[in-house]
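In: Dropping a prediction and its sequence here:
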Amino acid sequence: MKSYNCVVCVKQVPDTKRVTGDAMKADGTINRAALPAIFNPEDKCALEAALRVKETYGGTVTVITMGLPAAKAILREALMCGADRAVLVTDRKAAGSDTLATSYILSQAVKKFNPDLVFCGRQAIDGDTAQVGPQIGEKLDCAVVTYLEKLELDGDVAIATRDIGTGVETCRAQLPALFTVTERLGELRPFLMRRVMEFKNAEPEMLDCAAIGCEDSRCGFAGSPTSVNKIESVVLAGGDFKEVSATDDGIAGLVAELVKDHTIG
Amino acid sequence: MKNTQGEVWVFAEQEEGKLSEVPFELLGKARELADRLGVKVGAVLMGSGVEALAKPLFEGGADVVHLVDDPALKVFRNKAYRHAMVELVKEANPQIVIFGATHMGRDLGPSVASALRCGLTADCTDLQIGDYTDKKTGEEFKNVLMQIRPAFGGNIIATIVNARNWPQMATVREGVMKPLPRDAARGGDVVRHGAHLDGVEIPVEVVEIIRKTSSINLKGARVIVCGGAGVGSKENFKLLHDLAAALGGAVGGSRAAVDLGYCEHERQIGQTGVTVRPALMISCGVSGAVQHLAGMKDSAKIIAINTDKDAPIFQVAHYGIVGDLNVVVPKLIKAIKQ
């Protein structure tokens, strides 16, 4: 039976669900340092998809991230869960990359490992763009299957079930293929105890842009067509709502008002 | 190349020969942008045997329908659609291309942008035409597309520009832009294009599609009753259904309510769910995380019911009731029935 080499692209992200007042700077920008850095949730599902392939059919799982050295933390987590190799692409040239430049750099790194299957989380919780996965797929010029929920393999063909919003699609994709994975695939398995000790201080393989053959003009700010013109923190207007008492009279009055202004009725 | 006379395009996605409301929302915004720029609105229609859909697109605001009709485009497949779209953009050189931030648009848009090496801003909530000065070089750009979107979990609103590598591309959140009233008198030109798929290997074959037969229609609902973690149980959610029924409305839930299993995923309102703006939103036991507020704060009237008077939901509410929803909701139902 065929075994499969899997690459999983992962990202360390600030935990945007925990943004509080302390995390906003006076100029309205986010103080990333004030937020805990976590393993992007859907990238964990992508890792789970790869680990299931390895478990069922055999093969290897290589985890790649692009980021600062601090991102080693999530690579160690991936190793503790069962990944075989961990790679950190880190380079000052990559700073300021938008989705296009990021997908270019990651695709260059992925190519180095010549995988049968590439898994990405559908989107990262800091940007919510869902762009990097399909863009890596375009650059690898392989089959692209987004919103993966279930996967089986049959030789050189992946039988994939994906969410298409208006329903569920089953397709057959020729390998190599790239998948973006949603939470519906399932949660990442817990750390394996024996691997926790083994990998708690593991050092990933380090690559810079030159090592993966990137053209400088396609990395970082230089390779990013989009620029941020303006950032505003969200200040929700209002705060001066009309308080309605939770009594029969209060509520009857509210309903009468809504009928009068044609909201209901 | 920058074509300042180029059309403003929308990708008019269709499935099984039917257009959803999304292309019409996009056309509403594209019309506004194109009128400001003094150019035409083009709708890109791809599929197999879909020419009849050109008419409603004209009625919805398109001046030109770019039709790519090919058996290989019968169902959406990334490679086939990407390839056809990339060739079409190269051929006709639009200045702006807008996709719906649907599953299809969020699959196709990034792939096309990647192939063309141009920028793409995801999930925009507004688009405007404006001038931009590059802060580093001082270079000025007139009439560029301001792509406005929430980021960082909805905690910031960013305005993104793509001043150099055109076309300027964006995906737009569903349910945010307003469609124009359909004008049956409007017509336009259908321009046929080839799919350029000869000799292109498509590595994916669609075996089966099972359509959702969901009766949940949050977007079309005039009234929405939305429950959060504070509802407390799946059983208590029935109360919200009763209230919605009394008002002829629909029931939604916050992410917390969905995660707790109180209601189905399809009902989720917020950044990772559906964006809604009903005439009336009745929010019950929802604390009001910023991700949730992003998906409902543009409702015309918001009534918030919560036991915690400091809950952030009250910041967007027009009416606030501090109290137990198990007491308040039955009273509301009673008052409405009278």
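Out: Okay, I see it. Numbering: from 1, shown residues only, chains lettered A, B, ... in the order given.
In: quick one: contacts for residue 4?
Out: No chain in the question, so chain A it is. The contact partners of residue A:4, by C-beta atoms under 8 Å, 6 or more residues apart in numbering or on different chains, come to A:53, A:54, A:57, A:58, A:59, A:116, A:117, A:153, A:175. For the C-beta atoms, the positions are set from N, CA and C on the backbone; glycine is no exception.
In: To clarify, I was referring to chain B.
Out: For residue B:4, the contact set (C-beta under 8 Å, 6+ apart) comprises B:37, B:95, B:143.
In: Output the longest helix belonging to chain A.
Out: Identified as the longest helix of chain A according to DSSP state H is helix A:41-57.
In: Give the other helices and strands that that helix contacts.
Out: Identification of packing neighbours for helix A:41-57 by 3 or more C-beta pairs under 8 Å, 6 or more residues apart in numbering or on different chains; DSSP states H and E yields strand A:4-10, strand A:59-66, helix A:72-81, strand A:117-121, strand A:143-154, strand A:177-181.
In: A strand includes residue A:97, no?
Out: No. Counting by DSSP: H, G, I helix; E, B strand; the rest coil, residue A:97 is not part of a strand but coil.
In: tally of neighbours for it?
Out: By the criterion of other C-beta atoms under 10 Å in any protein chain shown, residue A:97 has 23 neighbours.
In: quick one, phi psi at it?
Out: Main-chain torsions, residue A:97, degrees, to the nearest 10: phi -70, psi 130.
In: Spatially nearest residue to it, not counting backbone neighbours?
Out: Among residues not flanking residue A:97 along the chain, residue A:220 sits closest, at 5.4 Å (C-beta to C-beta, 6 or more residues apart in numbering or on different chains).
In: show me the contacts for that neighbour.
Out: Contacts of residue A:220 (C-beta under 8 Å, 6+ apart): A:92, A:93, A:94, A:95, A:96, A:97, A:101.
In: and it, backbone torsions?
Out: Main-chain torsions, residue A:220, degrees, to the nearest 10: phi 60, psi -150.
In: and if you look at residue B:288?
Out: According to degrees, to the nearest 10, residue B:288 has phi 100, psi 50.
In: what about residue B:134, how many neighbours?
Out: Residue B:134 has 14 neighbours, counted by other C-beta under 10 Å.
In: Quick check: it vs residue B:140, distance?
Out: Separation of residue B:134 from residue B:140 (C-beta to C-beta, to the nearest Å): 8 Å.
In: one step back: drop anything exposed from the contacts of residue A:220.
Out: Among those, those buried by neighbour count (16 or more other C-beta atoms under 10 Å in any protein chain shown) are A:93, A:94, A:97, A:101.
In: Helices - which of the residues you listed land there?
Out: Mapping these onto helices (DSSP H) picks out residue A:101.
In: Looking at the buried ones among the contacts of residue A:220, which one is closest to chain B?
Out: Closest approach to chain B among those (C-beta to the nearest C-beta): residue A:101, at 9.9 Å.
In: With adjacent residues omitted, what lies nearest to the closest one?
Out: Distances taken as C-beta to C-beta, 6+ apart place residue A:223 nearest to residue A:101, at 3.8 Å, with adjacent residues excluded.
In: how much space is there between that neighbour and residue B:132?
Out: Counting by C-beta to C-beta, the separation of residue A:223 from residue B:132 is 19 Å.
In: And residue B:315, by the same measure?
Out: Noted for residue B:315: a distance of 32 Å to residue B:132, by C-beta to C-beta.
In: which stretches of the chain aren't confidently modelled?
Out: You didn't say which chain, so I picked chain A. A:1, A:17-30, A:234-239 (pLDDT under 70).
In: actually chain B
Out: By pLDDT under 70, the weakly predicted segments of chain B are B:1, B:153-154, B:214-215.
In: Select the longest strand from it.
Out: Identified as the longest strand of chain B according to DSSP state E is strand B:140-151.
In: Packing partners of that strand?
Out: Contacts defined by 3+ C-beta pairs under 8 Å, 6+ apart place strand B:140-151 against helix B:22-37, strand B:120-124, strand B:126-133, strand B:156-161, strand B:168-172.
In: ranking those by burial, who's on top?
Out: Highest mean neighbour count of those: strand B:168-172, a mean of 29 (counted as mean count of other C-beta atoms under 10 Å in any protein chain shown).
In: Show me what the helix or strand following that strand is packed up against.
Out: Reading on from strand B:168-172 to the C-terminus, the next helix or strand found by DSSP states H and E is strand B:189-193. With contacts taken as 3+ C-beta pairs under 8 Å, 6+ apart, strand B:189-193 sits against strand B:64-69, helix B:78-92.
In: List the strands paired with the helix or strand following strand B:189-193, with their directions.
Out: Sequence order places strand B:204-211 as the next helix or strand after strand B:189-193, per DSSP H and E. Applying DSSP bridges, strand B:204-211 is found paired with strand A:167-174 (antiparallel).
In: now the strand it pairs with against strand A:143-154, angle please.
Out: Here strand A:167-174 runs at an angle of 80 degrees relative to strand A:143-154 (axes from the mean of the first three to the mean of the last three C-alpha atoms, to 10 degrees).
In: I'd like to check the angle between strand A:167-174 and helix B:78-92, please.
Out: 90 degrees.
In: Could I get the helices and strands packed on strand B:189-193 in JSON lines, plus columns for distance to chain A and mean neighbour count?
Out: Shown next, in JSON lines, are the helices and strands packed on strand B:189-193 (distance: least, C-beta to the nearest C-beta, whole Å; neighbours: other C-beta atoms under 10 Å in any protein chain shown):
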{"stretch": "strand B:64-69", "distance to chain A": "19", "mean neighbour count": "22"}
{"stretch": "helix B:78-92", "distance to chain A": "4", "mean neighbour count": "20"}
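In: Quick one: closest of the ones you listed to residue A:37.
Out: Nearest to residue A:37, of all the helices and strands packed on strand B:189-193, is helix B:78-92, at 31.8 Å by C-beta to C-beta.
In: Mind giving me the packing neighbours of the closest one?
Out: By 3+ C-beta pairs under 8 Å, 6+ apart, helix B:78-92 packs against helix A:132-140, strand A:143-154, strand B:41-47, strand B:64-69, helix B:105-116, strand B:189-193.
In: okay, the angle between it and strand B:64-69?
Out: On the basis of the same axes, to 10 degrees, helix B:78-92 is oriented at 140 degrees to strand B:64-69.
In: Need the contact partners of helix B:78-92.
Out: Applying C-beta under 8 Å, 6+ apart, the set of residues contacting helix B:78-92 is A:134, A:137-138, A:143-146, B:6-7, B:11, B:42, B:44, B:46, B:66, B:68, B:70, B:72-73, B:97, B:107-108, B:111-112, B:115-116, B:167, B:193-197, B:200, B:202-204.
In: Dump the C-alpha coordinates for that helix into PDB.
Out: Below are the C-alpha coordinates for helix B:78-92, written out as PDB (Å, rounded to 0.1, in the frame of the first residue of the first chain):
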ATOM      1  CA  ASN B  78     -10.800  25.600  -8.700                       C
ATOM      2  CA  LYS B  79      -8.400  25.000 -11.600                       C
ATOM      3  CA  ALA B  80     -10.900  25.300 -14.400                       C
ATOM      4  CA  TYR B  81     -12.500  28.500 -13.100                       C
ATOM      5  CA  ARG B  82      -9.200  30.000 -12.100                       C
ATOM      6  CA  HIS B  83      -7.700  29.400 -15.500                       C
ATOM      7  CA  ALA B  84     -10.700  30.800 -17.400                       C
ATOM      8  CA  MET B  85     -10.900  33.800 -15.100                       C
ATOM      9  CA  VAL B  86      -7.200  34.600 -15.300                       C
ATOM     10  CA  GLU B  87      -7.400  34.500 -19.200                       C
ATOM     11  CA  LEU B  88     -10.500  36.700 -19.100                       C
ATOM     12  CA  VAL B  89      -8.800  39.300 -16.900                       C
ATOM     13  CA  LYS B  90      -5.700  39.400 -19.100                       C
ATOM     14  CA  GLU B  91      -8.000  39.800 -22.200                       C
ATOM     15  CA  ALA B  92     -10.300  42.500 -21.000                       C
END
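In: Thanks a lot, see you next time.
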